[in-house]
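>>> return atomic coordinates for the entry below.
(one chain, ligands or ions: 1)
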Amino acid sequence: MSSRLSGFYRLGLAERRRRVLEACGLTEPRFTAIDPGALPLDVADGMIENVIGTYALPFAVAVNFCVDGADALVPMAIEEPSVVAAASNAARMTRPTGFTTRASAPVMIGQIQVVQIDDVDRGAAAIVEAKDSLLDDARRLVPRLAERGGGPVGLDVRVLARSGADGGMLVVHLHVDCRDAMGANLVNTLCEALADRVARIAGGEPGLRILSNLTDGRTITVRCRVEDAALAGDGTGAEVRAAVASASRFAELDPYRAATHNKGIMNGVDAVLVAAGQDWRAVEAGAHAYAARTGVYRPLAVWREREAGLEGELVMPLAVGTVGGALHNHPSARLALELANVDHADRLAALAGAAGLATNLAALRALATEGIQRGHMALHARGLARAAGATGDLVDRVAAELSACGDVKADRAREVLARLKESP
Ligand code: NAD
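Predicted structure coming up:
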């Protein structure tokens, strides 16, 4: 399967669907999973509380992605214009090598807080002493996960306070290899089951027992290289390369810039996570906590100039699952995994990470060259033209006029449309 679907964005929606079905070897009925109303009301009613309807987002595929030597159509669900285009364009720049990734073992951290301890050092030492026996207990609680090659793999303890209103406080971290599950429920269940024994051993009372979203034991590293000629076809590649590297350095030196740099990464990551029914709030929380782990908020991806090209590297926690969570219920999420040919969590993390590095590259390149607003406003103008009621070729004509006069606003779109309709 090649993800290099040249001119895909210029095709009509029906033709795009046909090309994707063909590329993925699926038949049309499978697309009912992303048709309007795909999520039945009774299923939605079973997913969350107080349901009164469902909420739709555009569902797209980003093209041109080659990740770890295999092409993939990358599913994205997002309301923001230009993210899918940016990801597809940047992915094309990285071909033919594409993105290479390395996933750590899928190890999540469960936290068991213990309070009211008189002697926290003695409590911590007792936990260390009981470590093997606690881990054995934990493993016995998840036999099926162990059969799949996962399960509890480590346990450590940190003293948080020697005294205070709630006495001495320590936290025990249980490290659990969750295989293809995101693992929140799994880890929470384990922590709850172990908490009383942990507290008894530490000489205190059990406090909170829940996973940490700072999943720094479950990271993805994504790398790519872009040649000067791919960065700019007009011979200015070396200048663009230097400008992108400088933009990266700006983010490395300034948290105000780093926040926006990382937002550009999460544009790609979150769009994939939403399409694939993942807990994107969990990934967001982990990403930003990880970015600030040294005490200074830093970029999750950096870019360096190397031998007439740019090399980018993204490292971030990415806890995702291909079993459990919303995948139980959500038809569109299951189709997203099928379209991307994803059958395990590492591959989903690799695609989401590659999408993040791609949208980061596209944003830096645009900012460093023409400024981001031009491309963004062109897409925005098309959205306004449609909202004003334009159809067919009128969409492009209204959008072109709005962009040309630099007044990309809803009332202007209505005016232009009315005029073009009167005198076509
Ligand atoms: P889950 O509760 O659906 O459990 C997944 C189950 O899948 C596992 O218990 C395991 O028995 C089974 N399984 C089947 N095949 C497997 C395989 N190959 N590898 C691993 N497990 C396999 O889901 P979960 O992943 O435990 O929890 C994810 C959910 O928890 C998400 O919906 C998330 O929103 C929610 N959640 C998140 C937080 C948080 O992030 N702070 C807190 C609570 C709940």
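>>> which bits of this protein sit near the ligand?
For the chain, the residues in contact with the ligand (CB under 6 Å from any ligand atom) are 144-145, 148, 178-186, 188, 211, 213, 279, 282, 321, 323-326. Heads up, the C-betas are built off the backbone N, CA and C, glycines and all.
>>> where do the strands sit along the stretch 301-424 of the chain?
Under the criterion DSSP state E, counting those that start in this stretch, the stretch 301-424 of the chain contains strands at 301-305, 309-317.
>>> residue of the chain closest to the ligand, please.
Using CB to the nearest ligand atom, the closest approach of the chain to the ligand is made by Gly324 at 2.6 Å.
>>> now that residue: how far from Gln278?
In this view, Gly324 and Gln278 are 10 Å apart by CB to CB, to the nearest Å.
>>> ok, those two, which is more surrounded?
Ranked by neighbour count (other CB atoms under 10 Å), Gly324 and Gln278 place Gln278 first, with 28 against 15.
>>> got CSV for the strands of the stretch 301-424 of the chain, with mean pLDDT too?
Formatted as CSV, the strands of the stretch 301-424 of the chain follow (pLDDT from 0 to 100):
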stretch, mean pLDDT
strand 301-305, 98
strand 309-317, 98
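>>> among those strands, which is the most enclosed?
Scoring those by mean neighbour count under mean count of other CB atoms under 10 Å gives strand 309-317 as the most buried, with a mean of 22.
>>> name the helix or strand of this structure that has the lowest mean pLDDT.
The helix or strand of the chain with the poorest confidence is helix 373-387; it has a mean of 78 (mean pLDDT, DSSP states H and E).
>>> okay, buried residues for that helix please.
Gly375, His376, Met377, Ala378, Leu379, His380, Ala381, Arg382, Leu384, Ala385 (16 or more other CB atoms under 10 Å).
>>> could you verify my assumption that the residue of the chain closest to the ligand touches Asn185?
Yes - with contact defined as CB atoms under 8 Å, Gly324 counts as touching Asn185 (7.2 Å).
>>> and stretch 76-95, how far out from the chain middle?
13 Å (CA atoms, centre = their mean, to the nearest Å).
>>> repeat that for stretch 417-424.
With CA atoms, centre = their mean, you get 43 Å for stretch 417-424.
>>> cool, stretch 308-326 as well?
7 Å.
>>> restrict that stretch to CA atoms and write it as PDB.
This file holds the C-alpha atoms of stretch 308-326, laid out as PDB (Å, rounded to 0.1, in the frame of the first residue of the first chain):
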ATOM      1  CA  ALA A 308      22.600  19.900   3.600                       C
ATOM      2  CA  GLY A 309      19.400  18.900   5.400                       C
ATOM      3  CA  LEU A 310      17.500  19.100   8.600                       C
ATOM      4  CA  GLU A 311      17.100  16.400  11.200                       C
ATOM      5  CA  GLY A 312      14.200  16.500  13.600                       C
ATOM      6  CA  GLU A 313      13.700  14.500  16.700                       C
ATOM      7  CA  LEU A 314      10.600  14.200  18.900                       C
ATOM      8  CA  VAL A 315      10.600  12.500  22.300                       C
ATOM      9  CA  MET A 316       7.400  12.400  24.300                       C
ATOM     10  CA  PRO A 317       5.200  10.200  26.400                       C
ATOM     11  CA  LEU A 318       2.400   8.600  24.400                       C
ATOM     12  CA  ALA A 319       0.200   6.300  26.200                       C
ATOM     13  CA  VAL A 320      -2.300   4.800  23.800                       C
ATOM     14  CA  GLY A 321      -4.200   1.600  23.400                       C
ATOM     15  CA  THR A 322      -5.500  -0.600  20.600                       C
ATOM     16  CA  VAL A 323      -7.700  -2.500  23.100                       C
ATOM     17  CA  GLY A 324     -10.000  -1.100  25.700                       C
ATOM     18  CA  GLY A 325     -11.300   2.400  26.300                       C
ATOM     19  CA  ALA A 326     -13.600   4.000  23.700                       C
END
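>>> Glu239: neighbour count?
14.
>>> for the closest residue to Gly183 other than its chain neighbours, give me its contacts.
With CB to CB, 6 or more residues apart in numbering as the measure, Met108 is the residue that lies nearest to Gly183, at 4.4 Å, once sequence neighbours are left out. Contact analysis of Met108 by CB atoms under 8 Å, 6 or more residues apart in numbering lists 175-176, 178, 182-184, 186-187, 211, 215, 217-218, 319.
>>> give me the phi and psi for Arg19.
Backbone dihedrals for Arg19, given as degrees, to the nearest 10, come out at phi -60, psi -40.
>>> how about it, nearest residue that isn't a chain neighbour?
In this structure, Arg19 finds its nearest non-sequential neighbour in Leu5, 6.0 Å apart by CB to CB, 6+ apart.
>>> for the one you found, which three-state class applies?
Put simply, Leu5 is coil when judged by DSSP: H, G, I helix; E, B strand; the rest coil.
>>> surely it touches Glu15?
No - using CB under 8 Å, Leu5 is not in contact with Glu15; the gap is 10.7 Å.
>>> who has more neighbours out of the two?
The neighbour comparison of Leu5 against Glu15 (other CB under 10 Å) goes to Leu5, with 19 against 11.
>>> which residues touch that one?
Residues near Leu5 by CB under 8 Å, 6+ apart: Arg19, Ala23, Val63, Asn64, Leu73.
>>> tell me what the host helix or strand of Arg16 is packed against?
In this assignment (DSSP states H and E), Arg16 forms part of helix 13-24. Helix 13-24 sits against strand 70-77, helix 331-339, with contacts defined as 3 or more CB pairs under 8 Å, 6 or more residues apart in numbering; DSSP states H and E.
>>> among these, which is the most enclosed?
Taking mean count of other CB under 10 Å, strand 70-77 is the most buried of those, at a mean of 24.
>>> mind checking what helix or strand follows it in sequence?
Following strand 70-77 toward the C-terminus (DSSP H and E): helix 83-94.
>>> pretty sure Asp177 contacts Gly151?
Yes - contact criterion CB under 8 Å: Asp177 and Gly151 qualify, at 6.0 Å.
>>> what is in contact with the two at once?
Joint contacts of Asp177 and Gly151 (CB under 8 Å, 6+ apart) are Leu145.
>>> one step back: roughly how far does the residue nearest to Arg19 sit from Ala23?
7 Å.
>>> residues that sit against both of those two, list them.
Leu73.
>>> nearest residue to the middle of the chain?
With distances taken as CA atoms, centre = their mean, Val269 lies nearest the centre of the chain, 2.6 Å away.
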